[in-house]
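In: the amino acid sequence is not available; the structure is as follows:
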């Protein structure tokens, strides 16, 4: 079983859900009525935080689980925690200004690419030695 | 094996695919040419139904499967059916008017959050008692 | 174990990541500053390639894995390779003109729907004969 990775998956979903709550509230705050998703840059930045988190979910989650299965549950979970921290930094930065989203973005990108790289290496090793 | 959850996963994917077909047809009906995704509120509402369903997939599907694995295949599948029903209500409501999307949204949100909560509780219990 | 499907999953993630890199570069090339996602059709087409790939990930990946688990790892992986090829054709076509996205789209749609159909059939067969 992969309890640590399962736990971090729940936490990552919770954070992503939080970004969608913020986008919903930003609709009210900046008066951007559904179905519009543009028209006010302050809303757009909060909305883009949610969307960018969504965009990374299919990179992060499958890579995380392949890494957990092929290499280590605990290390996968640790990388998952770093990913969530990077995502929080990205959210805080981007909500202030588009130019401040770089550091958090790089952190979460690295934390998503390491499990991808590790999983790819482990899968290739298994295929070659099978 | 998790046959019921697997079946409901296929049905959820089919429904999501249906919302993307509707968005494609709405492009033609309301003459919103690719790559544009705005310009006509009637198109935008149909497009937002697809996008919002997409936005919930990474909340719903991993939560559903963690719940199935940690707790119950049959209960997970039942909650999955409620999620699809909520999504259908959301689609019907939102396609008519943005103000009519609330009930379906709340239904599907509850049906996605229950498996999340259940899975989180079961994972925490296992980690504490391991 | 499902080594071939795991490998193709990594490759699909890599391709999807590549489309997001292209969208990021198109921001600079066509001077569309974050958080905007519209305003220049050349940027919008490249951005829509990324978004459409994202839109298909929750159709493709769960269907691929259910097919691998219920039917065959090797056939799943082969269909996954066709999906990626279809996606590459779609990217090349759409980047040139919206009208040129049809062939790649149809290829990847077929390669995503076959595993869905196969998985659905196998799941139903198991439920009926269980």
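Out: Perfect, thanks for sending it. Every value quoted in this text rests on a predicted model; they were computed, and no experiment measured them.
In: what residues does chain A put near chain C?
Out: A:38, A:41, A:44-45, A:47-48, A:54-55, A:58-59, A:62-63, A:66, A:70, A:94, A:98, A:101, A:116, A:119-120, A:123-124, A:126-127, A:130 (C-beta under 8 Å from any C-beta of the partner chain). Using the backbone N, CA and C atoms, a C-beta is placed for each residue, glycine as well.
In: among those, name the ones in helices.
Out: Counted as lying in helices by DSSP state H, out of the residues of chain A next to chain C, are A:41, A:44-45, A:47-48, A:54-55, A:58-59, A:62-63, A:66, A:70, A:94, A:116, A:119-120, A:123-124, A:126-127.
In: of the residues you listed, buried ones?
Out: The neighbour count (16 or more other C-beta atoms under 10 Å in any protein chain shown) marks A:41, A:44-45, A:47-48, A:54-55, A:58-59, A:62-63, A:66, A:70, A:94, A:116, A:119-120, A:123 as buried among these.
In: among these, which are within reach of chain B?
Out: A:54, A:58.
In: ok, and the closest non-adjacent residue to residue A:42?
Out: Sequence neighbours aside, residue A:30 is the residue nearest to residue A:42 in space, at 5.1 Å (criterion: C-beta to C-beta, 6 or more residues apart in numbering or on different chains).
In: now swap in residue A:120 and tell me
Out: Using C-beta to C-beta, 6+ apart, the closest residue to residue A:120 is residue C:10 (4.6 Å).
In: repeat that for residue A:22.
Out: Leaving aside its chain neighbours, residue A:22 sits nearest to residue A:46 (5.5 Å; criterion: C-beta to C-beta, 6+ apart).
In: with residue A:118 instead?
Out: Nearest non-adjacent residue to residue A:118, counting by C-beta to C-beta, 6+ apart: residue A:67, 5.0 Å away.
In: ok, now how distant is the residue nearest to residue A:120 from chain B?
Out: Separation of residue C:10 from chain B (C-beta to the nearest C-beta, to the nearest Å) stands at 18 Å.
In: I'd say that residue and residue A:122 touch.
Out: No: counting by C-beta atoms under 8 Å, residue A:122 is not a contact partner of residue C:10; they are 10.1 Å apart.
In: enumerate the residues of chain A near chain B.
Out: Residues of chain A lying near chain B by C-beta under 8 Å from any C-beta: A:1, A:3-4, A:6-7, A:9-10, A:13-14, A:16-17, A:20, A:33-38, A:50, A:54, A:57-58, A:61.
In: now which of those would you call buried?
Out: Buried members of the residues of chain A next to chain B, counted by 16+ other C-beta under 10 Å: A:3-4, A:6-7, A:9-10, A:13, A:16-17, A:20, A:34-38, A:50, A:54, A:57-58, A:61.
In: which ones are touching the residue lying closest to residue A:100 once chain neighbours are set aside?
Out: If the residues on either side of it in the chain are set aside, residue A:100 comes closest to residue A:93, at 3.7 Å by C-beta to C-beta, 6+ apart. Residue A:93 makes contact with A:100-104 under the criterion C-beta atoms under 8 Å, 6 or more residues apart in numbering or on different chains.
In: same thing but 6 Å
Out: By C-beta atoms under 6 Å, 6 or more residues apart in numbering or on different chains, the contact list for residue A:93 reads A:100-101, A:104.
In: ChimeraX command to pick out the buried ones of these?
Out: Buried residues within those, by 16+ other C-beta under 10 Å, are selected in ChimeraX with:
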select /A:101,104
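In: I'd like the contacts of residue A:93 laid out as TSV, including distance to residue A:82.
Out: Shown next, in TSV, are these (distance: C-beta to C-beta, whole Å):
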residue	distance to residue A:82
A:100	19
A:101	17
A:104	11
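In: quick check: which ranges of chain A have low pLDDT?
Out: For chain A, no stretch has pLDDT under 70.
In: same thing but at 80, please
Out: Residue ranges of chain A with pLDDT under 80: A:130.
In: right, and residue A:10 touches residue B:120 too?
Out: Yes: Residue A:10 sits in contact with residue B:120 when judged by C-beta atoms under 6 Å, with a separation of 4.6 Å.
In: the host helix or strand of residue A:77: which residues count as buried?
Out: Using DSSP states H and E, residue A:77 maps to helix A:73-96. Buried residues in helix A:73-96, counted by 16+ other C-beta under 10 Å: A:73, A:75-77, A:79-81, A:83-84, A:86-91, A:93-95.
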